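1. Here you go, sequence then predicted model.
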Amino acid sequence: MSANYIPQPDLGFIAEIKGLGGETLKKCYQCATCSVACPIAPENSPFPRKEMIAASWGLKDKLIGNADIWLCHQCGDCTDMCPRGAAPGDVLAAIRSAAITEYATPKALAKAINDPSKLPLLLGIPAAWFALLAIITTAFGGIMEKIFHALFGDALGGRLHWSHAHEGAEHVIAHSNFVSTWFVDMTFVPTAIFATVVFFLALKRFIVDIHDNAVLEGKTDKTSLDYKALLQSVINVIPMVLKHDKFNQCEANKDRSTPHMMVLFAFIGLFIVTAVCGIMLYVGGYAGPYPQLNPIKWLANIAGVSLVIGSGMMIKNRLTNKTQVTAYKDWFILGIVFALGLSGMLTEMARLAEIAWLSYFFYWIHLIAIFELFAFLPFSKMAHIVYRTVAMGYADYANRK
Amino acid sequence: MTTENSAPVSGSIMVVGGGISGLTTALEAAEVGYEVFLIEKEASLGGRVTQLKHYFPKLCPPTCGLEINYRRLKDNKNIKVYTLSEVQNVDGTPGDYTVTVKSTPRYVNSNCTCCGECEKVCETEISNEFNFGMNRRKAAYLPHNMAFPQRYVMDSAMGKDDREKVKEACKYNAIDFSMEESTFDLKVGAVVFTTGWQPYDATRIDNLGFGRYQNIITNMMLERLASSNGPTEGKIIRPSDDKAPETIAFAQCAGSRDENHLPYCSYICCLASLKHATYIRAQYPDAKIYIYYIDLRTPGRKYENFYAKLKADENVFFVKGKVAEVSEESGTGNINLVAEDTISGEKIRQTVDMLVLATGMQPTCAIDKPAADLTFDDEGFIINDFSKGGLFAAGCANKPADVVTSNQNATGMALKAIQTLRR
């Protein structure tokens, strides 16, 4: 620490951390048991003891751009052994949540996602939007067909049609009959682009900040930032992330690793399914629903079940684990993931049971859940998928062991 | 002495526990004329301090203070001492209590001269709890060389053959196995509980390895090792191989200031470890001593000076950070410890010959609750309710304290007990 460091206590920041599930932070008396208890803390400048004192003083600048908060997997070993009940694991989770808000733009949206009173609005807007799209699709299909034809005419050799339904679609339950696939993609492609742009802007600042912080605190042997080498490091850590190597070193909350892995792989599976379906539709002209015997359907089903079970177990763990704080930010994302998985599976089951209205209803829920996940990805706890991966990559790049 | 100045004795006072606090309470009350019953569950008075090599900060042996107190006790006919006795029940109201006391037999009467012939012939051995089980002693034993009363005890674990032998060996007719357990009532006007403390059970501090690794000992065990009347006759050697330790670490706040164990500061452990450093320095001038602490609590000018003296010592090192993980080095029995040095922000992995856990004090009354109308705090200390009066606590039954504070507290409670009688 340089001799002329002047601490800038930020009382508002302390209150923010407390509100995000870190209400115990002031109990810390700096015994440093946590830094030893943590199975993944590095030898040099281990966490979370130093983060606890910074949080207690409201030293926002030492926390927000600190990659160490992302190396923590919140396994709870520190919280278990803490002699003061200061719950460092929960405090770090709260700091991460504040960091997500800090790097996200627009700020107002980031703040709204951590605010329970804004939940009706965040759910209501996509609900109304998809309801509108459903009304247009079901009631004004003919008009849309005409508009579509007028706009695109015989482009691409007449292979483009408004409806993606099968031949004789009136006899099958196909969700494109409820909300047109065009509408779905017209919603989600821009949403995904929006999320990507938000992440890109955030990472630009985040990477510079974590590097500066590491240099300042002597946590790296690198003096300059080499983006290419950093990218390589990020790629290097991906197998470790997939295998949950770090997560599995935890003692106290060992049981959290498996559900987390199930959810992660479910999302990877569903991403592959979505990509294949998209290519099949727009390139091959082959529209869903796929028959149950199709391997892509198998993957979709396995991933869907894994998502429901994985997130269900996470919710159960959170409900039964009294030593770990579960704040609104945690319930928000767990709720969305669980709703996404469950509504997807129910949509399919209702379709197979040939109850069209029920299947369409679940599909509507499903669309809302997907929207919540994608649009709010850089703002919610789910953003850890990007920040933690980058931070772990940076630790690899910075030789932080 | 004029009649006006002498205390009108209108009742008796009971003191439960004959440690340093209890002795003080009993003597202070008795010396102004009150009848005092002093109840001690062990075979000897003196309590915890008898287990110490030195008091801090003056580094004088506890015999000092005890001798004076024993002298005062012998000179005072107002005090009736009951050893091997426990209070079973306290009934009544301030000024009028009936206390039920249970006495277990010593099997030795006042004829005993401590000649030690019984000990020589006795073959039965029992664990020596005075030395925290670090050695064994005969079932015919003197509690320790500072025992009061200076009288042997025949442990009930003694076999039939041995009983015959010791009886035969005793030239003074002092051994009497016909003694029986007795329960009796005493009428008193006030009771002061000076039941003292127990070293916190270190086996419960999972991450500090006590009980798993031989060369991890507690501070009170070190006290016994360093004492000339201890199991090693004062040689500080490590338990696994009797080696003279070259590096010794102290883990402060072992089980204290910890919600998972004792949530409060035990008050004495910092000074105790500093004092232990002086023992080691005197015995092994080249040994390196590492004290791992959260913060060193050395209240007052005298204690602060004591700390300053040790801080200036080139072989005593202070590391700010709690020992949170230990393991045993295979083959050597050395102890590996891990802590974060919070000043440098580095994780420290150190291998030492011996690790001493500075365990704290748990009030005896938290483990063995007296059957009396008392109020306890969450940690089991007795809260003094002066508006109610009658029943009081002094010393470590009331709060974690050093000897000086205990004695001040004990004197105060002697006065409170007297006030109850005179109301």
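-> Structure received.
2. For the chain, which residues score under the pLDDT cut-off?
-> Went with chain A since none was named. Chain A contains residues with pLDDT under 70 at A:1-3, A:153-160, A:164-171.
3. try again with chain B
-> For chain B, the ranges with pLDDT under 70 are B:1-10, B:423.
4. can you list the domains in it?
-> By the assignment in automatic domain parsing, chain B contains the domains B:13-104+B:181-197+B:362-421, B:201-359.
5. Figure out which of those is closest to A:Ile272.
-> Of all those, domain B:201-359 sits nearest to A:Ile272, with 41.4 Å by C-beta to C-beta. (Glycine included, C-beta is placed from N, CA and C.)
6. What are the phi and psi values at the spatially closest residue to B:Gly395 that is not a sequence neighbour?
-> Closest residue to B:Gly395 apart from its sequence neighbours, by C-beta to C-beta, 6 or more residues apart in numbering or on different chains: B:Ser21 at 2.8 Å. The phi/psi pair for B:Ser21 (degrees, to the nearest 10) reads phi -70, psi -40.
7. Was I right to think B:Ser21 contacts B:Lys399?
-> No: the pair B:Ser21 / B:Lys399 is not scored as a contact, 11.1 Å apart, by C-beta atoms under 8 Å.
8. shared neighbours of the two, anything?
-> B:Asn409 (C-beta atoms under 8 Å, 6 or more residues apart in numbering or on different chains).
9. Pick out whichever of those two has more residues nearby.
-> B:Ser21 (34 against 21; other C-beta atoms under 10 Å in any protein chain shown).
10. any idea whether the residue in the stretch 101-250 of chain B positioned nearest to chain A is helix, strand or coil?
-> In the stretch 101-250 of chain B, the residue that lies nearest chain A is B:Asn207 (6.5 Å; C-beta to the nearest C-beta). B:Asn207 falls in the helix class when you classify it by DSSP: H, G, I helix; E, B strand; the rest coil.
11. Check the gap between it and B:Val338 for me.
-> From B:Asn207 across to B:Val338, the span is 10 Å (C-beta to C-beta, to the nearest Å).
12. shared neighbours of these two, which are they?
-> B:Ala324, B:Glu325, B:Val326.
13. Surely the last one is in contact with B:Leu337?
-> I take that to be B:Val326. Yes: checked against C-beta under 8 Å, the pair B:Val326 and B:Leu337 is within contact range at 5.1 Å.
14. Mutual contacts of the two, please.
-> In contact with both B:Val326 and B:Leu337: B:Leu355, using C-beta under 8 Å, 6+ apart.
15. quick one on the thing from earlier: using TSV, please lay out the domains of chain B together with distance to A:Met349.
-> TSV is the format used below for those (distance: least, C-beta to C-beta, whole Å):
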stretch	distance to A:Met349
domain B:13-104+B:181-197+B:362-421	54
domain B:201-359	47
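16. Just say helix, strand or coil for the spatially most central residue of chain B.
-> For chain B, the residue nearest the mean C-alpha position is B:Arg48 (1.8 Å; C-alpha atoms, centre = their mean). Under three-state DSSP, B:Arg48 falls in the helix class.
17. Now the closest residue to A:Leu231 other than its chain neighbours, what are its backbone angles?
-> The shortest distance from A:Leu231 to any non-neighbouring residue, by C-beta to C-beta, 6+ apart, is to A:Gly393 (7.8 Å). With angles defined as degrees, to the nearest 10, A:Gly393 sits at phi -60, psi -40.
18. again with B:Lys167
-> Torsion angles, degrees, to the nearest 10, at B:Lys167: phi -60, psi -40.
19. what's the burial count for it?
-> Around B:Lys167 there are 17 residues (other C-beta under 10 Å).
20. try B:Glu31
-> Residues lying near B:Glu31 (other C-beta under 10 Å) number 16.
21. Between B:Asn207 and B:Val338, point out the one with more neighbours.
-> Neighbour totals were compared for B:Asn207 and B:Val338, and B:Val338 leads with 19 against 15 (other C-beta under 10 Å).
22. so the more buried one is in which element?
-> strand B:335-341 (DSSP states H and E).
23. I'd guessed A:Thr24 sits against A:Ala86; true?
-> Yes: in this structure A:Thr24 lies within contact range of A:Ala86 using C-beta under 8 Å: 5.0 Å.
24. Tell me who's in contact with the closest residue to B:Gly230 other than its chain neighbours.
-> Leaving aside its chain neighbours, B:Gly230 sits nearest to B:Arg224 (4.1 Å; criterion: C-beta to C-beta, 6+ apart). Each residue near B:Arg224 by C-beta under 8 Å, 6+ apart is listed here: B:Gln51, B:Phe130, B:Asn131, B:Phe132, B:Met134, B:Gly230, B:Pro231.
25. Buried among those? Make that a PyMOL selection.
-> Those of those that count as buried under 16 or more other C-beta atoms under 10 Å in any protein chain shown are selected in PyMOL with:
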select buried, chain B and resi 51+130+131+132+134+230+231
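26. Among the contacts of B:Arg224, which are located in helices?
-> The helices, defined by DSSP state H, take in nothing from the contacts of B:Arg224.
27. Nearest to B:Cys115, out of the contacts of B:Arg224: which one, please.
-> Lowest distance from B:Cys115 to these (C-beta to C-beta) belongs to B:Phe130, with 20.4 Å.
28. Excluding sequence neighbours, find me the nearest residue to that closest one.
-> B:Phe130 sits nearest to B:His144 (C-beta to C-beta, 6+ apart), 5.6 Å away.
29. State the number of residues packed around that neighbour.
-> 18.
30. Can you pull the phi and psi angles for the closest residue in space to B:Asn334 that isn't next to it in sequence?
-> Leaving aside its sequence neighbours, B:Asn334 sits nearest to B:Thr351 (C-beta to C-beta, 6+ apart; 5.0 Å). Dihedral pair for B:Thr351: phi -110, psi 120, per degrees, to the nearest 10.
31. State the distance from B:Asp341 to chain A.
-> 8 Å (C-beta to the nearest C-beta, to the nearest Å).
32. wait, what's in contact with that residue?
-> So B:Asp341 contacts B:Val319, B:Lys320, B:Gly321, B:Lys347, B:Ile348 (C-beta under 8 Å, 6+ apart).
33. Could you say which helix or strand holds the fourth one?
-> With the criterion set as DSSP H and E, the secondary-structure element containing B:Lys347 is strand B:346-352.
34. Flag every buried residue along that strand.
-> B:Glu346, B:Lys347, B:Ile348, B:Gln350, B:Val352.
35. Burial check on the closest residue to A:Leu264 other than its chain neighbours, number of neighbours?
-> Once flanking residues are discounted, A:Leu264 sits nearest to A:Leu242: 7.5 Å by C-beta to C-beta, 6+ apart. Applying other C-beta under 10 Å, we find 12 residues neighbouring A:Leu242.
36. buried residues in the lengthiest helix in chain A?
-> In chain A, taking DSSP H as the definition, the longest helix is helix A:181-216. Neighbour-count burial for helix A:181-216 flags A:181-184, A:187-188, A:191, A:195, A:198-199, A:202, A:206-207, A:209-211, A:213-216 (criterion: 16+ other C-beta under 10 Å).
37. and after it, which helix or strand comes next?
-> By DSSP H and E, the next helix or strand past helix A:181-216 is helix A:227-243.
38. tell me the angle of that following helix relative to helix A:181-216?
-> 110 degrees (axes from the mean of the first three to the mean of the last three C-alpha atoms, to 10 degrees).
39. From the contact counts, what lies against the helix or strand where A:Thr79 lies?
-> Assigned by DSSP H and E, A:Thr79 belongs to helix A:77-81. Of the remaining helices and strands, those touching helix A:77-81 by 3 or more C-beta pairs under 8 Å, 6 or more residues apart in numbering or on different chains; DSSP states H and E are helix A:33-37, helix A:88-103.
40. Output the first one as PDB - backbone C-alpha positions only.
-> Written as PDB, here are the backbone C-alpha positions of helix A:33-37 (Å, rounded to 0.1, in the frame of the first residue of the first chain):
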ATOM      1  CA  THR A  33      -9.500 -17.200   9.900                       C
ATOM      2  CA  CYS A  34     -11.500 -16.800   6.600                       C
ATOM      3  CA  SER A  35      -8.400 -16.300   4.500                       C
ATOM      4  CA  VAL A  36      -7.000 -19.600   5.800                       C
ATOM      5  CA  ALA A  37     -10.400 -21.400   5.800                       C
END
